[in-house]
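> Using only what follows, build the 3D model:
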Amino acid sequence: MAAGWIKKKVLIAVRTYPVPAKSSIEASCTAAITDDGQWIRLFPVPYRLMDQEKRFSKWQWIDVNLLKASDSRPESYKLNIDTIEVGEFVGTQNNWRARRDVIKPLKRHSMCAIRQEREEKGAPTLGVFRPHEIKRLIIEPAAETWTAAEEAILKQDTLFEKAPAHTLEKIPFNFRYEFQCGEVECSGHTMMCTDWEMAEAYRSWRGKYGEEWATAFRQKFETEMIQKNDTHFFVGTVHQHPGSWIIVGLFYPPKQAIPDLFDSD
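Model (predicted):
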């Protein structure tokens with residue numbers, strides 16, 4: 001193995017909707033948890049350009065060679081896609097118990113607590129917590145098409161990769177959650193959510209329901225997230241804006257009639 005590269009076993013917990021990337025045509029930010037319980041960020045992951053046997057799903061273990069990225073965020077690593085070995089999938093049996101056991105040591109009391117820890121220690125730049133109250137999901141219009149520069153990136157061929165036959169679709173909406181932490185001093189948060197699942201739901205339900213897509217979308221990502229699910233947010237900082245946080249993934253086991261020790265804050 002070349003100098004600086006290390007082999008790691010990681011559990012994929014987060015995958016965002018792809019964006020144009022000069023180095024890899026398009027890329028998705030991927031967050032994972034190592035087998036020794038640490039956060040790690042893998043970028044770029046050009047998922048649609050990867051060979052089928054290298055494509056992993058969320059909540060799947062993979063072995064992969066990694067190199068610390070020049071990105072100042074301590075959890076950020078580049079990966080060698082050719083070295084990916086896809087392993088065991090962690091399912092949702094027993095109220096998502098196995099998944100909850102993995103994230104439990106990384107869970108923090110609130111978004112405010114994660115932000116304070118980052119300010120005091122310089123890390124983490126990834127986190128997971130349960131919002132005290134999800135007030136609403138905001139759906140707001142965004143640009144309907146890529147800019148000319150983004151379009152050019154998505155249609156370029158790189159030295160090692162050929163652009164996909166179907167150009168990445170632009171999602172013409174931004175999705176934001178408005179929520180409250182349990183901290184007395186919390187003034188509330190409104191944060192964009194870039195979770196891959198939300199974008200794919202939009203694409204699917206727009207085709208299925210037409211102009212009524214938002215009804216089904218809100219049922220799953222607002223009503224159920226508030227009323228039926230024990231919803232947690234995975235969050236991360238933005239590379240270009242280190243002080244800004246976004247929701248990069250959703251974790252939503254069903255609510256239990258009798259909460260267990262995992263659920264205590």
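
> any chance you could map the helices in the stretch 101-250 of the chain?
111-121, 148-154, 196-209, 213-218, 225-227 (DSSP state H, counting those that start in this stretch).

> Adding mean pLDDT, write these out as a markdown table.
Output for those, formatted as a markdown table (pLDDT from 0 to 100):
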| stretch | mean pLDDT |
| --- | --- |
| helix 111-121 | 94 |
| helix 148-154 | 91 |
| helix 196-209 | 96 |
| helix 213-218 | 97 |
| helix 225-227 | 97 |
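
> so which of the ones you listed comes closest to residue 64?
helix 196-209 (18.8 Å; C-beta to C-beta). The way it works is simple: take the backbone N, C-alpha and C, and place the C-beta from them, glycine included.

> Summarise which helices and strands that closest one is packed against.
Other helices and strands packing on helix 196-209, by 3 or more C-beta pairs under 8 Å, 6 or more residues apart in numbering; DSSP states H and E, are helix 213-218.

> Run the chain-centre distance for the helix it packs on.
21 Å (C-alpha atoms, centre = their mean, to the nearest Å).

> do the same with stretch 12-28
So, by C-alpha atoms, centre = their mean, the centroid of stretch 12-28 is 10 Å from its chain's centroid.

> Show the pLDDT at residue 166.
What the model reports for residue 166 is a pLDDT of 83.

> typed the wrong thing, it's residue 2
Reading off the model, residue 2 has pLDDT 66.

> which intervals of the protein have sub-threshold pLDDT?
Along the chain, the model assigns pLDDT under 70 to residues 1-2, 158-161, 257-265.

> got the domain boundaries for it?
7-89, 107-263 (automatic domain parsing).

> and residue 45, what does it touch?
15, 27, 28, 29, 30, 79, 81 (C-beta atoms under 8 Å, 6 or more residues apart in numbering).

> any chance you could read off phi and psi for the second one?
Going back to what we said before, that points to residue 27. In terms of degrees, to the nearest 10, the main-chain angles of residue 27 are phi -150, psi 150.

> Out of the contacts of residue 45, list just those in strands.
Cross-referencing the contacts of residue 45 against strands under DSSP state E gives 15, 27, 28, 29, 30, 79, 81.
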